[in-house]
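[1] Mind folding the following:
(2 chains)
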Amino acid sequence: MRHILSFLAICLIVATGVPASAQDPVTQTRESIMERQRGLGLSGDYSLPSGQPPAPEAVQPGSVPQLGTRGYASDSDIWRALRDGSANATPSSSTAASQLMQVIGDDWRMIRHDYLIKYAGWVLLGVILLIALFYLIRGRIMIRGGRAGKTIPRFSMSHRIAHWFLASTFILMALSGLIILLGRPVLVKGLGEWLMVGQLGMDDSVVTTLKSVNGVLNSAALQGHNLFGPVFILSLLIVIVRFMKGNFFQKADFGWILKGGGLIGGHASSNHYNFGEKTWYWVVVLVGLMISVTGLFLLFPWLSDNLRFHQAATILHAIGALGMICFAMGHAYVGSVGMEGSLDSMLRGEVDVNWAKEHHDLWYEEVTGEKVSHDHDDTAATGAGTAEGTA
Amino acid sequence: MSFIEFVEGPMFYAAAAIFVAAGLWRIIGILRIGKKPDLAPPRGSATAGWWKGNLRHFFPRGLFAERTWMHILGGYGFHLGLFVLLFFAAPHIAFVERFTGLSWPALPRWGFIIAAEIAFAGLIVLWVRRFSDPVMRQISDWDDHIGTWLTFLVMLTGCLALQESVVALRATHMLFVNIWLIYFPFSRLMHAFTVFLSRGATGASYGRKGMNP
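    Coordinates of the predicted model:
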């Protein structure tokens, strides 16, 4: 009886359990496999071949289909199809339809790590060094002829409140943003691993401590950044509206550019705002709006389920913010220690008459009706240039 | 004893005791000053004047409204935002409940965030006005700036600890809260309580004379 059963079983296996490939209507020949391996007949795309892979029921339970050697869909084809989304496979919880594996993150991660984080700190450091170098070479730009002792109003209270409101929120956003972006590379990699362990030979535990510190700082910075973001947008909109008047480019700006803002070619006339100030204003408008919009998409990710958009938003947000920080450092320098009398305009709302004549002569003439003489401005062309303020 | 245990324990008890005792001492001191007897016959009600004095100052005078709208907005934004933060933030209610057993409904997280945004915007605007306005700059001293900055730091550290997952951040917040409580009764921060006394006293004086405060 046992022998009979064994015989019947063998017959059954021979009759029904032969490998699916042997019965496949899309039979693969050795030539077709080789052709495929040479990359021929792929019609330029990497989607799954039209020949359907074996139906699950055709595969013996417990067996592993050797798709690659059969020339059907090799493992690499399957993974490639999953990567480019043509496999039409999706996790049920995903917001990205038909996309099981998100690989555009590879590019995003590469840009973020290999370029953005790698160079951001150096760019900021470079700008600080440039400003310091400029200060060492040029020194503080003094008011030619000294202060007159008489002042004229330049910015109203609402102008000043709008300016400092934006400045305050920008500083908070910049500091928290830099901690989020550069906290780990600076604190853990630079200070801990490179300096303390690598150079000073300290124990590895210091890196662990710095990681904890970085974690605390990042938690705080993230909350602060998210919280102050909308306040920053509000202050930005107020500044855009309040400072728009007078910040459109005018004829006198060409002369200002040609004379390098007074550094070359003698006195550079300007209106209420000079070319540098106007440029800064439009940087604030355009870049500020860009980082605001991208920031909103980061803060409220449900606004879009396009992952490429979110990835681009993080990169653009960081690049825009870094650019603004660099510009802002230059602006803050010229508006404070870099130039005598500049800070008065934003602190007190009034500027010294001589400062106004020197840096914004056309505006001074417009306000007072008094003609400004530049007879004594020759020194500007010989190296004692004014570098008209962008405060 | 850990740092968080210290700032939420003995230091907080001490700070709260100083806040209450010194605050009462100042208010009772003000009330005890009294006023000179007014021998002139009254032309109006001092009580009505007291209420008028308090209520009318909630609104800007017509002549000044245009010039002062920014600091009125900032002032209301900051004070209302801070009030909401202080009494309706879930962590604060939980903290009060821990000590007293008292509890009340908390704002949802988004409400808390909006209140914080408004309070921060208001405080920054008020501080900027303090150093930008020539008159405000003249009448402001260190007490005003310290009070502003301490309040700002209390709010800031509180918001930085919003994730509620890092003990060090909560401890930092509590440290500033304690410093703020200790500083409060000896500074102009006391205006939170004395404002009603001073407005009321002025109003009562005017009311008795039959004038609008």
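[2] tell me how far the ends of stretch A:101-112 are from each other?
    From its first residue to its last, stretch A:101-112 covers 20 Å (C-alpha to C-alpha, to the nearest Å).
[3] Equivalent analysis for stretch A:261-271, please.
    With C-alpha to C-alpha, one end of stretch A:261-271 sits 13 Å from the other.
[4] That stretch: which residues count as buried?
    For stretch A:261-271, a neighbour-count test (16 or more other C-beta atoms under 10 Å in any protein chain shown) marks A:261-263, A:266-271 as buried. C-betas here are computed from N, CA, C, even on glycine.
[5] and if you look at stretch A:270-282?
    A:270-281.
[6] could these be laid out in CSV, adding distance to chain B and secondary structure?
    Conversion of those to CSV gives the following (distance: C-beta to the nearest C-beta, whole Å; DSSP: H, G, I helix; E, B strand; the rest coil):
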residue, distance to chain B, secondary structure
A:270, 24, coil
A:271, 24, coil
A:272, 19, coil
A:273, 19, coil
A:274, 23, coil
A:275, 26, helix
A:276, 23, helix
A:277, 19, helix
A:278, 23, helix
A:279, 25, helix
A:280, 20, helix
A:281, 19, helix
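[7] Could you work out the most separated pair of the buried residues of stretch A:261-271?
    Within the buried residues of stretch A:261-271, A:263 and A:271 form the most distant pair, 19.0 Å apart (C-beta to C-beta).
[8] Give me the distance between the most centrally placed residue in chain B and chain A.
    Nearest to the geometric centre of chain B sits residue B:192, at 4.0 Å (C-alpha atoms, centre = their mean). From residue B:192 across to chain A, the span is 23 Å (C-beta to the nearest C-beta, to the nearest Å).
[9] what's in contact with the helix or strand harbouring that residue?
    Here residue B:192, judged by DSSP states H and E, is contained in helix B:191-208. When contacts are defined by C-beta atoms under 8 Å, 6 or more residues apart in numbering or on different chains, helix B:191-208 is touched by residues B:23, B:26-27, B:30-31, B:35, B:38, B:42-54, B:56-57, B:212-213.
[10] can you pull the buried residues of that helix?
    Buried, per 16+ other C-beta under 10 Å, within helix B:191-208: B:194, B:199-208.
[11] any chance you could map the strands in chain A?
    With DSSP state E as the criterion, chain A has strands at A:151-153, A:350-352.
[12] still on that earlier bit, quick one: which two of the buried residues of helix B:191-208 are the most distant?
    Most distant of these, by C-beta to C-beta, are B:194 and B:208, 20.8 Å apart.
[13] Residue A:250 versus the residue nearest to residue A:257 when sequence neighbours are not counted, what's the distance?
    Distance criterion C-beta to C-beta, 6 or more residues apart in numbering or on different chains; nearest residue to residue A:257, sequence neighbours excluded, is residue A:275 at 5.7 Å. Distance, residue A:275 to residue A:250, using C-beta to C-beta, to the nearest Å: 9 Å.
[14] same deal with residue B:204?
    With C-beta to C-beta as the criterion, residue B:204 and residue A:250 are 59 Å apart.
[15] Can you list the buried residues in the longest helix along chain B?
    Assignment by DSSP state H gives helix B:62-88 as the longest helix of chain B. Neighbour counts over helix B:62-88 (16+ other C-beta under 10 Å) mark B:68, B:70-71, B:74-75, B:77-79, B:81-82, B:84-85, B:88 as buried.
[16] any low-confidence regions in the stretch 201-350 of chain A?
    Applying pLDDT under 70 to the stretch 201-350 of chain A picks out residues A:265.
[17] List phi and psi for the residue of chain B most remote from its centre.
    Distance from the C-alpha centroid of chain B peaks at residue B:41, with 37.1 Å (C-alpha atoms, centre = their mean). Note on residue B:41: backbone dihedrals following degrees, to the nearest 10 are phi -70, psi 130.
[18] Tell me, what's the model's pLDDT at it?
    Listed pLDDT for residue B:41 reads 89.
[19] gap between it and residue B:205?
    Distance from residue B:41 to residue B:205, by C-beta to C-beta: 15 Å.
[20] likewise residue A:272?
    48 Å.
[21] and the gap between residue B:151 and chain A?
    Counting by C-beta to the nearest C-beta, the gap from residue B:151 to chain A is 14 Å.
[22] Residues of chain B that sit close to chain A?
    For chain B, the contact set with chain A under C-beta under 8 Å from any C-beta of the partner chain comprises B:70, B:113, B:116-117, B:120-121, B:124-125, B:128-129, B:131-134, B:156, B:159-163, B:165-166, B:168-169.
[23] Only whichever of the residues you listed are buried, select them in PyMOL.
    Those of these that count as buried under 16+ other C-beta under 10 Å are selected in PyMOL with:
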select buried, chain B and resi 70+113+116+117+120+121+124+125+128+129+131+132+133+156+159+160+161+162+166+168+169
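[24] Filter the residues of chain B next to chain A down to just the ones in strands.
    Reading strands off the residues of chain B next to chain A, I find no matches (DSSP E).
[25] Show me where chain B has its helices.
    Going by DSSP H, chain B shows helices at B:3-8, B:10-33, B:46-56, B:62-88, B:90-100, B:109-132, B:134-139, B:142-160, B:167-183, B:191-208.
[26] Quick check: which of the strands of chain A is buried the most?
    strand A:350-352 (a mean of 20; mean count of other C-beta atoms under 10 Å in any protein chain shown).
[27] neighbouring contacts of that strand?
    A:143, A:147-154, A:341, A:344-345.
[28] what about 7 Å?
    For strand A:350-352, contacts defined as C-beta atoms under 7 Å, 6 or more residues apart in numbering or on different chains pick out A:143, A:147-148, A:151-154, A:341, A:344-345.
[29] Pick out the most distant pair among the residues you listed.
    A:143 and A:153 (17.6 Å).
[30] Can you report how many residues neighbour residue A:291?
    Neighbour count for residue A:291, taken as other C-beta atoms under 10 Å in any protein chain shown: 27.
[31] just residue B:106 next, same as before
    Neighbours of residue B:106 (other C-beta under 10 Å): 16.
[32] My guess is it contacts residue B:88. True?
    Yes - at 5.9 Å, residue B:106 and residue B:88 qualify as touching, with contact defined as C-beta atoms under 7 Å.
[33] Any buried residues in the helix ranked longest in chain A, and which?
    Secondary structure assigned by DSSP H gives helix A:205-243 as the longest helix of chain A. Residues A:206-207, A:210, A:213-236, A:238-240, A:242-243 are the ones in helix A:205-243 that count as buried (16+ other C-beta under 10 Å).
[34] so how far is stretch B:205-212 from its chain's centroid?
    How far stretch B:205-212 lies from its chain's middle: 28 Å, per C-alpha atoms, centre = their mean, to the nearest Å.
[35] Put the alpha carbons of that stretch into PDB.
    Output in PDB follows, covering the C-alpha atoms of stretch B:205-212 (Å, rounded to 0.1, in the frame of the first residue of the first chain):
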ATOM      1  CA  SER B 205     -10.400 112.200  42.800                       C
ATOM      2  CA  TYR B 206     -11.800 113.500  39.400                       C
ATOM      3  CA  GLY B 207     -15.200 112.000  40.100                       C
ATOM      4  CA  ARG B 208     -15.500 113.800  43.400                       C
ATOM      5  CA  LYS B 209     -14.800 117.100  41.600                       C
ATOM      6  CA  GLY B 210     -17.400 116.300  39.000                       C
ATOM      7  CA  MET B 211     -14.900 115.900  36.200                       C
ATOM      8  CA  ASN B 212     -14.300 113.100  33.700                       C
END
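[36] can you list the buried residues of helix B:62-88 in TSV and add pLDDT and distance to residue B:176?
    As requested, those are exported to TSV (pLDDT from 0 to 100; distance: C-beta to C-beta, whole Å):
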residue	pLDDT	distance to residue B:176
B:68	81	30
B:70	82	28
B:71	83	25
B:74	91	22
B:75	93	22
B:77	95	21
B:78	96	17
B:79	95	19
B:81	95	18
B:82	95	14
B:84	95	19
B:85	92	14
B:88	94	20
